[in-house]
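In: Below is the structure, and that's it, no one-letter string:
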Ligand SMILES: NC(=O)c1ccc[n+]([C@@H]2O[C@H](COP(=O)([O-])OP(=O)(O)OC[C@H]3O[C@@H](n4cnc5c(N)ncnc54)[C@H](O)[C@@H]3O)[C@@H](O)[C@H]2O)c1
Ligand SMILES: O=P(O)(O)OC[C@H](O)CO
């Protein structure tokens, strides 16, 4: 029998780590849900902000003539005006979003950690969090990217987070353009979460008490017993399973599909950014939708090949066809997202994408650049370049060693 959430002594406290364009958008929707589900979640949502000084522009309703152009702390601006004027301007945030510049303080006592920042910062951020998170905290990574370890192994970001912090972490990814969701236009997403066996209370959705004590085994993304032992979520909290993540992320304008394929969801989100850059290059070169479609199709084949080659035990290929985290994300990323838009601009202006990232994005990041570098470095070390011609074309163009016009040659039989 399912025990009503209200009968548990404690509630889940939620922290979002990251406050960029998507980080702030996800904080907004999660805070709407903690407000609407007071039986399960504490109302306030902590949002860790990488602190910076920001000048409020004159045309902003929050411009204060007495302060003028004097820079102010971004956290103070968010907490005073309930708006992230730098990374998500003109979107009202619920007042229960609390911006916090201290990472240890923001994650203190939180049972749910939502990771949402550009992937290149993951090492430093996890290092700062280590020793400050609850042993029974659970994570969801909304970050699109992968890491390559020092011994040149590929690691999913949710695996990296889980191993570094000693917790279980799932992944959220989909065809999601932050500003559209912040404006509450409808879209879908996919969350992959394999509820650890120690958190299952008397079966998949029953709420009887979990087994106590630490050192519980669970399987990693490769289907192997993880080297991280888990502490179960204590019995005086509501259980943390698919239903609770639906409550935390689902909104009338944000449809959530819960799945178990962390590999497919993570790789789809990370690798499509390489393909989006390729599409931007092709379109910037003056070619049209037929060329772009060829790039998208070949890109998806390389993503699937990558999954088959490096995660053969656990990949569920239907994710790429059926989920928002698969073809859905590929289509939106290659037609309207930042990696596509700004790589197209780079070719049109005859400058590098890195230059465009510096001059046009006001601090936002193009994840496709670093993902291409990491993935191609990893593949090169294994001598399998010929299996991934599109990924390497993007790598070569980023280096200035390949021309966009050369892409078709790479596929000639
Ligand atoms: N923006 C979108 O539409 C969107 C949608 C879905 C997924 N994503 C993914 O979500 C993740 C986060 O993207 P975003 O759009 O929130 O970020 P963003 O592109 O807006 O990046 C800016 C963020 O990086 C932070 N930052 C800068 N320097 C830093 C440092 N040294 N250490 C830590 N943080 C630093 C800034 O404070 C800011 O919060 C990415 O992996 C992205 O691919 C983005
Ligand atoms: O704007 P991008 O290129 O970072 O992509 C945003 C999302 O990943 C699209 O689903």
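Out: Sure, I can see it. All of these numbers come straight from a predicted model, not from anything done at the bench. Ligands and ions are numbered 1, 2, ... in the order given.
In: Looking from ligand 1, tell me which residue of the stretch 151-300 of the chain is nearest.
Out: residue 178 (3.4 Å; Cβ to the nearest ligand atom). C-beta coordinates here come from the backbone N, C-alpha and C atoms, glycine included.
In: how close does that residue get to ligand 2?
Out: 7 Å (Cβ to the nearest ligand atom, to the nearest Å).
In: Contact partners for that residue?
Out: 21-22, 24-25, 88 (Cβ atoms under 8 Å, 6 or more residues apart in numbering).
In: For residue 144, see how far away it is.
Out: 12 Å (Cβ to Cβ, to the nearest Å).
In: Equivalent analysis for residue 15, please.
Out: 20 Å.
In: can you check residue 223 too?
Out: For residue 223 relative to residue 144 (Cβ to Cβ), the value is 23 Å.
In: neighbour-wise, which of those two wins?
Out: residue 144 (27 against 12; other Cβ atoms under 10 Å).
In: how many other residues sit next to the nearest residue to that one once chain neighbours are set aside?
Out: Distances taken as Cβ to Cβ, 6 or more residues apart in numbering place residue 269 nearest to residue 144, at 4.1 Å, with adjacent residues excluded. Look at residue 269: counted by other Cβ under 10 Å, it has 32 neighbours.
In: if I pick residue 269, what's in contact with it?
Out: Counting by Cβ under 8 Å, 6+ apart, residue 269 has contacts 144, 171, 173-174, 325, 329.
In: try residue 320
Out: 264, 268, 300, 303-304, 326-327.
In: was I right about residue 402 contacting residue 396?
Out: Yes. Residue 402 lies in contact with residue 396 (Cβ atoms under 8 Å); the separation is 3.0 Å.
In: quick one on the thing from earlier: give me phi/psi at the residue of the stretch 151-300 of the chain closest to ligand 1?
Out: Backbone torsions of residue 178, given as degrees, to the nearest 10, read phi -50, psi -50.
In: What spatial separation is found between residue 180 and ligand 2?
Out: Distance from residue 180 to ligand 2, by Cβ to the nearest ligand atom: 10 Å.
In: Quick check: closest non-adjacent residue to that residue.
Out: Using Cβ to Cβ, 6+ apart, the closest residue to residue 180 is residue 187 (6.5 Å).
In: May I have the secondary structure class of whichever residue of the stretch 101-250 of the chain sits closest to ligand 2?
Out: The nearest approach of the stretch 101-250 of the chain to ligand 2 comes at residue 176, 4.5 Å away (Cβ to the nearest ligand atom). At residue 176 the chain is in coil, as set by DSSP: H, G, I helix; E, B strand; the rest coil.
In: ok, it - how many residues close by?
Out: For residue 176, using other Cβ under 10 Å, the count is 26.
In: so what's the backbone phi/psi at it?
Out: phi -130, psi 110.
In: mind checking which helix or strand of the chain has the lowest mean pLDDT?
Out: The helix or strand of the chain with the poorest confidence is helix 407-410; it has a mean of 91 (mean pLDDT, DSSP states H and E).
In: What number of residues are in the vicinity of residue 299?
Out: Around residue 299 there are 25 residues (other Cβ under 10 Å).
In: And for residue 308?
Out: Residue 308, neighbours per other Cβ under 10 Å, totals 11.
In: and it, what does it touch?
Out: Residue 308 neighbours (Cβ under 8 Å, 6+ apart): 315, 317.
In: What residues does the residue of the stretch 251-400 of the chain found nearest ligand 1 make contact with?
Out: In the stretch 251-400 of the chain, the residue that lies nearest ligand 1 is residue 364 (3.5 Å; Cβ to the nearest ligand atom). By Cβ under 8 Å, 6+ apart, the contact set of residue 364 is 20-21, 87, 338.
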